[in-house]
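Colleague: Only the shape, not the letters, is given here:
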């Protein structure tokens, strides 16, 4: 596998070096992680993202084989698993009763949320990376949590795992949680939906606490590239040539999570994710700065079209049930920029005040 790369959702990385589970660093009860002077010797960001890309591509196979390289789902911060949920890894956040949960996209992990403070203030001297969670904690006091999942597993499975971790989070925190806001990027928004559906059907204790959900570039009706891949694969496997059958076999080996992106709605509890008391925000971008440009219409944000980002087919259901939903388009912000665009950050801040 030397010299191969994955390039999915802004993760173009070599995969000839991969981490093992033993390389994880946990945050215990006595640890206080502030994000300053971060040591990347144990889990370099590059290797961490390579690990995530590998799991996005074949994570279901790794999980079935109980391979050491399988991603362990849970809450992480800057590559560190948080074994003690009360550990204060963002300074001053432990006493907050309001939580904001972030879910990454396919083939990536929680580190995709990071960006330079210079993107906010070009004259700042601070070189330590920040992210949406830290910024919103500083401005509004929400305590950020970042959920990492194996994006090669089915979206339904990841939604259930996320719901179970959220239940445990609410149970184990030493403060009484008053409010939860969820932010899901791309596949993360679909995992979020699946968790809401599971919680609705199982009367999860955390469900009444969720007040708002933000979906950033999530393909609610499927991603066009994966839809195209399904068609190409179906054609290739029917052609009577050894080469095309071989290519078809390679394409078929992509993970169930990637295949699920072609459908969008993959939970067994269809429709149960549009929880009535939750305020749903659908956020999209476009490849071209002009939202009316043919590129914006045909390609959307490059990976997801506007017709999939904004679930207009469900508007009748929203209106009938009195569900609060809002659409917001950011022209000129492509798919890989949504999770660190300052305009998107400001929109989230304005709508959680």
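Modeller: Arrived safely. Quick caveat: nothing in here was measured; it's all calculated off a predicted structure. Residues are numbered from 1 along each chain as shown.

Colleague: center of this protein - which residue?
Modeller: For the chain, residue 104 is the residue whose C-alpha lies nearest the centre (CA atoms, centre = their mean; 2.2 Å).

Colleague: That one contacts residue 162, doesn't it?
Modeller: No - taking CB atoms under 8 Å as the definition, residue 104 is not a contact partner of residue 162, at 11.5 Å. For every residue, glycine as well, the C-beta is placed using N, CA and C.

Colleague: Need the residues touching each of the two.
Modeller: 147, 149 (CB atoms under 8 Å, 6 or more residues apart in numbering).

Colleague: Show me the shaky parts of the stretch 251-353 of the chain.
Modeller: Within the stretch 251-353 of the chain, the stretches with pLDDT under 70 are 251-253.

Colleague: just the helices in it please.
Modeller: Ranges of helices in the stretch 251-353 of the chain, per DSSP state H, counting those that start in this stretch, are 256-260, 294-299, 306-309, 315-321, 342-352.

Colleague: Check the chain too.
Modeller: Using DSSP state H, the helices of the chain run over residues 45-64, 132-140, 155-172, 187-202, 224-236, 242-252, 256-260, 294-299, 306-309, 315-321, 342-352.

Colleague: Please name whichever of those helices is nearest to residue 288.
Modeller: helix 294-299 (4.4 Å; CB to CB).

Colleague: Need the winner for burial among the helices of the chain.
Modeller: The highest average neighbour count among the helices of the chain, using mean count of other CB atoms under 10 Å, belongs to helix 187-202 at a mean of 26.

Colleague: what angle do that one and helix 155-172 make?
Modeller: Angle of helix 187-202 versus helix 155-172, following axes from the mean of the first three to the mean of the last three CA atoms, to 10 degrees, is 70 degrees.

Colleague: Now that we're looking at residue 127, what pLDDT does it have?
Modeller: Looking at residue 127, its pLDDT is 79.

Colleague: Next: residue 230.
Modeller: For residue 230, the pLDDT comes out at 52.

Colleague: just residue 223 next, same as before
Modeller: Reported pLDDT at residue 223 in the predicted model: 84.

Colleague: my read: it touches residue 261, true?
Modeller: Yes - under the criterion of CB under 8 Å, residue 223 makes contact with residue 261 at 4.4 Å.

Colleague: Could you work out which of the helices of the stretch 251-353 of the chain reaches nearest to residue 153?
Modeller: Nearest to residue 153 among the helices of the stretch 251-353 of the chain is helix 256-260; the distance by CB to CB comes to 5.5 Å.

Colleague: hmm, back to that, of all the helices of the chain, which lies closest to residue 114?
Modeller: The closest of the helices of the chain to residue 114 is helix 45-64. By CB to CB, the value is 8.2 Å.

Colleague: The closest one: how far from the chain's middle?
Modeller: In terms of CA atoms, centre = their mean, to the nearest Å, the centre of helix 45-64 is set 14 Å apart from its chain centre.

Colleague: how about stretch 66-77: buried residues?
Modeller: 69, 70, 71, 73, 74, 75, 76, 77 (16 or more other CB atoms under 10 Å).

Colleague: For the fifth one, give its distance to residue 149.
Modeller: So that's residue 74. Residue 74 sits at a distance of 9 Å from residue 149 (criterion: CB to CB, to the nearest Å).

Colleague: The third one too?
Modeller: Computed as CB to CB, the residue 71 to residue 149 distance reads 7 Å.

Colleague: avg pLDDT for stretch 83-99?
Modeller: Rounded mean pLDDT across stretch 83-99 is 95.

Colleague: Kindly apply the preceding question to stretch 47-56 instead.
Modeller: Averaging pLDDT along stretch 47-56 gives 92.

Colleague: Format the buried residues of stretch 66-77 as a markdown table; extra columns: distance to residue 316.
Modeller: Below are the buried residues of stretch 66-77 laid out as a markdown table (distance: CB to CB, whole Å):
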| residue | distance to residue 316 |
| --- | --- |
| 69 | 45 |
| 70 | 41 |
| 71 | 38 |
| 73 | 35 |
| 74 | 38 |
| 75 | 37 |
| 76 | 39 |
| 77 | 41 |
